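kindly generate the corresponding structure for this input.
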Amino acid sequence: MSFAKLAQVHPDLVKVIEATPQKLPFTVVYGIRTVAEEEAAVATGHSQTMHSRHLPNANGLACAVDLAVLTPSGAIDWAPGHEAEVYGLLAKYVKQTAAALNIPIEWGGDWTTFKDWGHFQLPWKEYP
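Below you'll find the predicted structure:
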C-alpha cells in the first residue's frame, strides 16, 4: 500500500489506515484535496459537496481518505458491478481496525443517497 497520500491526513485516520490488514490489498487514492481538486471531483460526479472531509480543516488536516482495492497484478479494481461486495469487504476490515483502536469512522458505502465505496472519514461530530 502507498502511504504517501496520507500526508496531511488527521493522525487518528492515519492510524486506522496503516493498521488495517492487507487481507484485501488496497492503496490510498486521495487524502487531502485542494479546493480546485474538490471542485473537479464535484464536476465529474466523484464528490457531491464542497464541504468535503478531504478539504483541510482549521488545523490544516484532512479527515477523509479514498481507498482503492488492488487486483493481484497491482492495478486498481473499481469493481464495476460488484462494488458493494468488494468494497464492503474492505470496509469490514477498516471498521474492525477502527473499532479496535477506538476511533470512530464513517464509510461512504453506508450512505443512502450517494454511495462512495472507497471513502472513509472521521465523523464531523467527533472531529469538527
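
shouldn't residue 64 be in contact with residue 13?
Yes: using Cβ atoms under 8 Å, residue 64 is in contact with residue 13, at 7.5 Å. C-beta: built from backbone N, CA, C; applies to glycine.

shared neighbours, these two?
Overlap of the contact sets of residue 64 and residue 13 (by Cβ atoms under 8 Å, 6 or more residues apart in numbering) consists of 120-122.

contacts only, for residue 108.
114-121.

now with 7 Å, please.
Counting by Cβ atoms under 7 Å, 6 or more residues apart in numbering, residue 108 touches 115-117, 119.

what about it, distance to residue 47?
10 Å (Cβ to Cβ, to the nearest Å).

again with residue 40
9 Å.

between the two, who's got more neighbours?
Neighbour tally, residue 40 and residue 47, criterion other Cβ atoms under 10 Å: the higher count belongs to residue 47, 22 against 13.

does the more buried one really touch residue 39, like I thought?
No: using Cβ atoms under 7 Å, residue 47 is not in contact with residue 39; the gap is 9.1 Å.

are we agreed that residue 90 is in a strand?
No: per DSSP: H, G, I helix; E, B strand; the rest coil, residue 90 lies outside any strand segment and is helix.

for it, give its distance to residue 106.
For residue 90, the distance to residue 106 - Cβ to Cβ - is 14 Å.

do the same with residue 127
Going from residue 127 to residue 106 by Cβ to Cβ gives 10 Å.

understood, closing this out.
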